[in-house]
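J.: sharing a model prediction with you, sequence too.
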Amino acid sequence: MQGTVDGFSYGVVTPLVAYLMACLGGALGLRCTTRAMLVAHSWRPAWLALGSAAIGSGIWTMHFVAMMGFSVKETPIHYDKPLTYASLGLAIVMVGVGIFIVGYRGATGTALFTGGTITGLGIASMHYLGMAGLRLNGTLQYDTVMVAASVVIGVVAATSALWAAGQVRGFLWSVGASLVMGLAVSGMHYTGMAALSVHLHGADVTSPGDSPASLLAPMLIGPLAFLCLAAVVVIFDPLMVTGKPDQLRAAHKPGVPADEVTHHPSRRPQLRVSRQQSHHSARTPQNR
């Protein structure tokens with residue numbers, strides 16, 4: 001017997017809030033990644049780790065906010081806590097691997113492809129591991145083609161976001177990239193949900209696990225922490241808003257510390273001195 005699946009039990013509320021959470025985590029993570037490319041090597045791991053945690057946590061929060069609107073008409077749904085939070089850890093680790101590759105190798109060529117692929121696979125893995133934490137009176141079944149499409153969307157979204165972070169074009173550029181990333185991540189989630197069907201069991205068996213309401217508290221704590229962290233970063237680090245300053249534009253490759261960028265003195269003063277010396281030398285015989 002097939003269950004009646006509804007992914008929009010609360011209308012557009014859960015998709016909209018989920019999208020905002022994905023954008024929030026993406027914006028903070030991309031700015032941290034951009035910032036990491038402008039600082040000395042000693043600070044770079046901390047910024048990259050913060051960016052990884054922000055993106056991974058934002059995507060995880062987006063997923064479970066969206067899942068608040070998911071229901072199967074014929075059976076209640078519960079969640080297994082260890083698997084649920086294991087999906088958070090998996091997202092942060094795999095996103096972190098991709099971000100560290102781009103942070104140290106640059107957002108171009110093989111490094112971008114490798115980092116984007118790993119990050120995208122991390123997003124998809126988080127989604128399906130989180131789905132594995134569902135406990136209901138039935139079996140989850142997936143359409144292979146739609147699952148593959150969701151993975152491709154995740155990889156493309158991650159690669160595009162990392163490329164945007166490597167461009168270092170200022171705050172508005174990162175905001176636009178985070179909006180696109182949030183849309184792509186949300187699209188990946190709902191594509192994966194479209195691949196899902198539920199085959200119900202005959203007997204009505206109550207499954208162990210946490211209800212969606214019990215997961216709401218940690219979901220709210222995460223976005224609040226993101227907002228506080230973003231406010232602190234913006235207030236105390238103006239470079240996070242203005243992007244790459246003019247005097248650092250010589251560092252085209254990510255991985256070049258800001259304090260190693262050298263400034264070549266203008267040759268105009270030297271030219272003036274040379275002209276003055278030449279003029280003085282030319283007039284010396286006349287003075288004699």
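T.: That came through fine.
J.: would you mark the buried spots in stretch 42-56?
T.: Applying a neighbour-count criterion of 16 or more other CB atoms under 10 Å, one finds R44, W47, L48, A49, L50, G51, S52, A53, A54, I55, G56 buried in stretch 42-56. Placement of C-beta: from N, CA and C, glycine included.
J.: again with stretch 80-92
T.: D80, L83, T84, A86, S87, L88, L90, A91, I92.
J.: before we move on, the earlier item: output the buried residues of stretch 42-56 in TSV, with secondary structure appended to each entry.
T.: Shown next, in TSV, are the buried residues of stretch 42-56 (DSSP: H, G, I helix; E, B strand; the rest coil):
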residue	secondary structure
R44	helix
W47	helix
L48	helix
A49	helix
L50	helix
G51	helix
S52	helix
A53	helix
A54	helix
I55	helix
G56	helix
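J.: one step back: quick one: which of the buried residues of stretch 80-92 is nearest I123?
T.: Set against I123, the nearest of these by CB to CB is A91 (6.8 Å).
J.: can you name the residues that contact the closest one?
T.: Going by CB atoms under 8 Å, 6 or more residues apart in numbering, A91 touches G56, S57, I59, W60, G122, I123, S125, M126.
J.: and which of those residues is nearest V152?
T.: Nearest to V152 among those, with distances taken as CB to CB, is I123, at 11.4 Å.
J.: poorly predicted segments of the stretch 1-150 of the chain, please.
T.: The stretch 1-150 of the chain contains residues with pLDDT under 70 at 40.
J.: all the helices of this structure, residue numbers only.
T.: 13-36, 44-67, 81-105, 109-132, 144-167, 171-194, 212-236, 239-242, 268-287 (DSSP state H).
J.: G138 is nearest to which of these?
T.: Closest approach to G138 among those (CB to CB): helix 109-132, 12.9 Å.
J.: circling back: any idea which of the buried residues of stretch 42-56 is closest to L24?
T.: Closest to L24, out of all of the buried residues of stretch 42-56 and judged by CB to CB, is A54, at 8.5 Å.
J.: re earlier: could you work out the most separated pair of the contacts of A91?
T.: S57 and S125 (15.1 Å).
J.: higher neighbour count, these two?
T.: S57 (23 against 17; other CB atoms under 10 Å).
J.: can you redo the contacts of A91 as JSON lines with distance to V12?
T.: Supplementary listing: the contacts of A91 in JSON lines, determined by distance: CB to CB, whole Å:
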{"residue": "G56", "distance to V12": "26"}
{"residue": "S57", "distance to V12": "24"}
{"residue": "I59", "distance to V12": "20"}
{"residue": "W60", "distance to V12": "21"}
{"residue": "G122", "distance to V12": "28"}
{"residue": "I123", "distance to V12": "23"}
{"residue": "S125", "distance to V12": "27"}
{"residue": "M126", "distance to V12": "23"}
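J.: closest one of these to T191?
T.: Using CB to CB, those come closest to T191 at I123, 11.8 Å.
J.: ok, the closest one - contacts?
T.: If you count contacts by CB under 8 Å, 6+ apart, then I123 has I59, A91, M94, V95, G154, A157, A158, V185, M188 around it.
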